[in-house]
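K.L.:
A predicted structure for the sequence below; I have some questions about it.
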Amino acid sequence: MAVTKELADELPVEEVEAAKARVATLLLAFRHGNQLAFDHELDCLLEERAEREVTTLLAWIAAEAVRKAYAPEVGDRVLRALARRAPTDTGAVAVDEEGADAARLIEAVGAGDVAAVRAVVASTADTTYLLGGLLQAVAMMLPLLPEGEAEEVAAELRLRHSSRTGSRTPGIPEARQY
């Protein structure tokens, strides 16, 4: 077993693991084009003055991805090409709002057309906007539900969530399968 010595300015192991989790959250928000989540997580990290740790972890993740995806002699060429093509506006997350068609998804679900649902999801590069459109549609439909239906659905969702996390909420009926 290798023994490592912690340097005075080095983060303890527990803090490194927490920082990795936060960097992963940041990357997921960036990857899925969720500008609000990305900005929120980045603001939290900057408030804590964790710039060095975050930059180091992002560089480590990128280096691991390049190492696993490319042969050693190709990896450096790929990184050099990326460096030359770096965007000038680095504060924004790349999104594809035009590719998200929530109306077509709702129509396909309503028609029970599984192939069309799969096609909509597969053809949407940025599902954040597709899910956002679906969420907006659900919010618009909620007032049309009969009295008590929205509360019943919410209770079922809570039950499903609590069964995954190990805690159960007493008094909530068993969930229906959709």
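P.N.:
Great, that's in hand.

K.L.:
So which other helices or strands are in contact with the one helix or strand Arg22 maps to?
P.N.:
Assigned by DSSP states H and E, Arg22 belongs to helix 13-31. Contacting helix 13-31 under the criterion 3 or more CB pairs under 8 Å, 6 or more residues apart in numbering; DSSP states H and E are the following elements: helix 35-47, helix 51-69. C-betas here are computed from N, CA, C, even on glycine.

K.L.:
now the longest one against helix 13-31, angle please.
P.N.:
Interaxial angle of helix 51-69 relative to helix 13-31 (axes from the mean of the first three to the mean of the last three CA atoms, to 10 degrees): 70 degrees.

K.L.:
Now helix 51-69 - C-alpha only, CSV.
P.N.:
What follows is helix 51-69, C-alpha atoms only, in CSV (Å, rounded to 0.1, in the frame of the first residue of the first chain):
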residue,chain,number,x,y,z
GLU,A,51,-11.1,27.9,-8.5
ARG,A,52,-7.8,26.1,-8.3
GLU,A,53,-9.4,22.8,-7.1
VAL,A,54,-12.2,23.0,-9.7
THR,A,55,-9.8,23.8,-12.6
THR,A,56,-7.5,20.9,-11.5
LEU,A,57,-10.3,18.4,-11.4
LEU,A,58,-11.7,19.6,-14.7
ALA,A,59,-8.3,19.2,-16.3
TRP,A,60,-7.9,15.7,-14.7
ILE,A,61,-11.3,14.6,-16.1
ALA,A,62,-10.5,16.0,-19.5
ALA,A,63,-7.1,14.3,-19.5
GLU,A,64,-8.7,11.0,-18.5
ALA,A,65,-11.2,11.3,-21.3
VAL,A,66,-8.5,12.0,-23.8
ARG,A,67,-6.3,9.2,-22.5
LYS,A,68,-9.2,6.7,-22.8
ALA,A,69,-10.5,7.9,-26.2
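
K.L.:
Tell me the buried residues in the first helix or strand past it going along the chain?
P.N.:
Counting by DSSP H and E, the next helix or strand C-terminal to helix 51-69 is helix 72-84. If you call a residue buried by 16 or more other CB atoms under 10 Å, then helix 72-84 has these buried ones: Gly75.

K.L.:
Go ahead and name everything in contact with helix 72-84.
P.N.:
Outside helix 72-84, the residues that touch it by CB atoms under 8 Å, 6 or more residues apart in numbering are 66-67, 69-70.

K.L.:
could you give the angle of that helix to helix 51-69?
P.N.:
130 degrees.

K.L.:
and helix 72-84, average pLDDT?
P.N.:
Across helix 72-84, pLDDT averages out at 85.
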